[in-house]
Every structure is written in C-alpha cells, then in structure tokens.
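S.K.: Sequence below, structure please.
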Amino acid sequence: MHTKLKELLIEELNLVDVTIDEIEDDAPLFGEGLGLDSLDAVEIVVLVQKNFNVEIKNMEEGKAAFQSVNSLVEFIQERQA
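M.R.: Now for the predicted structure:
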C-alpha cells in the first residue's frame with residue numbers, strides 16, 4: 001500500500017520533481033519532509049476517500065494520519081479493517 005499511496009501523492013499533488021524512492025516512509029509529509037501545505041492536506045483527504053473509501057472526518061484525525069506515509073497507511077488500514 002505504501003507504493004500505491006506514494007504514486008497517488010505524486011500524481012494528485014503534482015509533485016513533478018519527486019519520485020517514489022525519494023519519499024521515505026517515516027519522513028514528515030509537511031514542513032521539512034515533502035513540504036506539503038494546508039491545501040495539499042485537503043487534497044489528501046479527497047485522495048484517501050476516493051481511492052481507499054476512508055473518510056478523514058476532522059483535523060484531529062488528519063493531524064495523526066498526516067505525520068508520514070507510514071501513519072497514513074496505518075490510518076487507512078485501521079479504517080478498512
């Protein structure tokens with residue numbers, strides 16, 4: 001699921017200078033990591049709902065899920081179980 005999620009992040013967020021291999025599983029998605037911003041967070045919410053049928057209902061859930069690729073994968077897997 002990590003690879004699929006990275007592919008979706010690159011595609012949906014138009015990260016043209018980033019490859020799958022450059023996105024570390026534990027690296028922060030925002031700030032010093034991928035450098036995503038609040039608009040990207042909204043797009044990730046839509047991306048997760050559209051592709052994994054998982055809803056991120058509020059900022060509390062989003063903050064926990066958006067820490068890294070690992071945390072987002074874990075969040076999706078927990079909600080799909």
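
S.K.: Longest helix in this structure, please.
M.R.: The residue-count maximum for a helix in the chain (DSSP state H) belongs to helix 38-52.

S.K.: Can you get me the centre-to-centre distance for that helix and its chain?
M.R.: 7 Å (Cα atoms, centre = their mean, to the nearest Å).

S.K.: list the helices and strands it packs on?
M.R.: Helix 38-52 is packed against helix 2-12, helix 59-65, helix 69-80, with contacts defined by 3 or more Cβ pairs under 8 Å, 6 or more residues apart in numbering; DSSP states H and E. Where you see a C-beta, it was placed from the backbone N, CA and C, and this is true even at glycine.

S.K.: tell me the angle of it relative to helix 2-12?
M.R.: The directions of helix 38-52 and helix 2-12 differ by 130 degrees, with axes from the mean of the first three to the mean of the last three Cα atoms, to 10 degrees as the criterion.

S.K.: for helix 38-52, which positions count as buried?
M.R.: Buried residues in helix 38-52, counting neighbours by 16 or more other Cβ atoms under 10 Å, are found at 40-41, 44-45, 47-48, 52.

S.K.: Stretch 15-26 too?
M.R.: By 16+ other Cβ under 10 Å, the buried positions in stretch 15-26 come out as 15, 23.

S.K.: measure it end to end?
M.R.: Terminal residues of stretch 15-26 lie 18 Å apart, using Cα to Cα, to the nearest Å.

S.K.: how many degrees apart are the longest helix of the chain and helix 69-80 in direction?
M.R.: Angle, helix 38-52 to helix 69-80, by the same axes, to 10 degrees: 40 degrees.

S.K.: tell me which residues in the lowest-mean-pLDDT helix or strand in the chain are buried?
M.R.: Using mean pLDDT, DSSP states H and E, the weakest-scoring helix or strand in the chain turns out to be helix 59-65, at a mean of 90. Burial within helix 59-65, assessed by neighbour count using 16+ other Cβ under 10 Å, is assigned to 62, 65.

S.K.: Now the weakest link among the helices and strands packed on helix 38-52, please, by mean pLDDT.
M.R.: Per-segment mean pLDDT for these reaches its minimum on helix 59-65, at a mean of 90.
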